[in-house]
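In: coordinates only, sequence not included:
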């Protein structure tokens, strides 16, 4: 399991935070700070996305 937390400098000069999780070197799930929702990279990650959003705990920690 890998976790990447960082920020991106956008072309308009604004900054966007990122939080992504990976498994075996591939993207698994990320958190969209603007919408406050998780984005599953594939159908396997969809289960985790639904559980984390239902629990609400993970999203609260990232906003």
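Out: Yep, that arrived. Note that the coordinates shown come from a computational prediction; the quantities given were computed from them, not determined experimentally. Numbers count the residues shown, from 1 in each chain.
In: Show me what residue 40 bridges to in the sheet.
Out: residue 29 (DSSP bridges).
In: quick one, what contacts it?
Out: 28, 29, 46, 48, 49 (CB atoms under 8 Å, 6 or more residues apart in numbering). C-beta here means a position set from N, CA and C on the backbone, and glycine is covered the same way.
In: rerun that using 6 Å as the cut-off
Out: Each residue near residue 40 by CB atoms under 6 Å, 6 or more residues apart in numbering is listed here: 29, 46, 49.
In: Which one (most neighbours) among the residues you listed?
Out: Within the contacts of residue 40, residue 29 tops the neighbour count with 21 neighbours, counted by other CB atoms under 10 Å.
In: For it, give its distance to residue 13.
Out: 28 Å (CB to CB, to the nearest Å).
In: What's the mean pLDDT across whichever strand or helix holds residue 16?
Out: According to DSSP states H and E, residue 16 maps onto strand 15-23. In this model, strand 15-23 has a mean pLDDT of 89.
In: so what secondary structure elements neighbour it?
Out: strand 2-9, strand 26-32 (3 or more CB pairs under 6 Å, 6 or more residues apart in numbering; DSSP states H and E).
In: How about the shortest one, which residues are buried there?
Out: Spelled out, it's strand 26-32. Applying a neighbour-count criterion of 16 or more other CB atoms under 10 Å, one finds 27, 28, 29, 30, 31 buried in strand 26-32.
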